[in-house]
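**Student:** Structure for the following, please:
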Amino acid sequence: MLETPILSTDIDYNNVYDPAEDTFLLMDALESEHNKGQYDLERSTLSLEIGSGSGMISSFIIKHKIFGENNYHLSSDINPLAIKETLKTIKLNGVGRNDVLLMSLLDSVRDGSIDYLVFNPPYVPSDDVPILSDEDRLSVALEGGKNGMEITNLLIEQLSMKLSTEGCAYILFCASNKPLEYKESISDMYNMELIEKRKCGWEVLSIYKITRK
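**Tutor:** Numbers count the residues shown, from 1 in each chain. Sure, this is the predicted structure:
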């Protein structure tokens, strides 16, 4: 089992998402794919984690060369404080070949450029999608609007333009997101393969690999 990155003892968890069961499930899924030899480790590739938060997953990807020796990794978040913590965690783990970007989803990404996308979205169902503010920076990392899927929907709409020809996305879903129904609803455009599934407290979480047809 690959070593879990270490985190600073002074991360501001009042404003940045605290790694939890979903974080570790996503790392387990990425490690499983790596061990199964799912990636062309010789090819030069570009990976991106959206919503990097504390920086644990991005540090895991870079530290263990999850996507190969010739992979360059990008981390992004819409929360400036998360950007700060991601940079801190990456430096603390002594890993390199990374840029950290302040951006929303894939809005600033060049078309056809992403080979591997990783996203632990705000998946908790809520009445509305919250707006980032100085008073509330955590809700945007947790609440996903109707069925917890509004942010994930926006992201998947962008995939056909932003993924490379053989690119894939690893996205986390909870049971309330109804992933099997969602898989059927996008089946004309995408393949959606279950990689990992786990009961975490009161919730059942799953990681799906999404590729274009």
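
**Student:** what's the lengthiest helix in the chain packed up against?
**Tutor:** Scanning the chain for the helix with the most residues, using DSSP state H, yields helix 21-35. The criterion is 3 or more CB pairs under 8 Å, 6 or more residues apart in numbering; DSSP states H and E, and the helices and strands that helix 21-35 contacts are helix 56-63, strand 163-174, strand 190-200, strand 203-212. No exception for glycine: its C-beta is placed from N, CA and C like everyone else's.

**Student:** Relative to the whole chain's centre, how far out is it?
**Tutor:** Centre-to-centre, helix 21-35 and its host chain are 11 Å apart (CA atoms, centre = their mean, to the nearest Å).

**Student:** okay, the helices and strands packed on helix 21-35, which one's buried deepest?
**Tutor:** helix 56-63 (a mean of 25; mean count of other CB atoms under 10 Å).

**Student:** What angle do helix 21-35 and that one make with each other?
**Tutor:** Here the directions of helix 56-63 and helix 21-35 differ by 20 degrees (axes from the mean of the first three to the mean of the last three CA atoms, to 10 degrees).

**Student:** burial count for the residue lying closest to residue 70 once chain neighbours are set aside?
**Tutor:** With sequence-adjacent residues excluded and distances taken as CB to CB, 6 or more residues apart in numbering, residue 70 is closest to residue 44, at 4.5 Å. When counting by other CB atoms under 10 Å, one arrives at 11 neighbours for residue 44.

**Student:** and what of residue 158?
**Tutor:** Residues lying near residue 158 (other CB under 10 Å) number 17.

**Student:** ok, and what's touching the helix or strand where it lies?
**Tutor:** The secondary structure element spanning residue 158 is helix 150-162 (assigned by DSSP states H and E). Counting contacts by CB atoms under 8 Å, 6 or more residues apart in numbering, the residues outside helix 150-162 that touch it are 50, 105-106, 109-114, 117, 119, 121-123, 129, 144-145, 169, 171, 173, 177, 186, 189-190, 210, 212.

**Student:** buried subset of those residues?
**Tutor:** By neighbour count, with 16 or more other CB atoms under 10 Å, the contacts of helix 150-162 hold 50, 105-106, 109, 114, 117, 119, 121-123, 144-145, 169, 171, 173, 177, 186, 190, 210 as buried.
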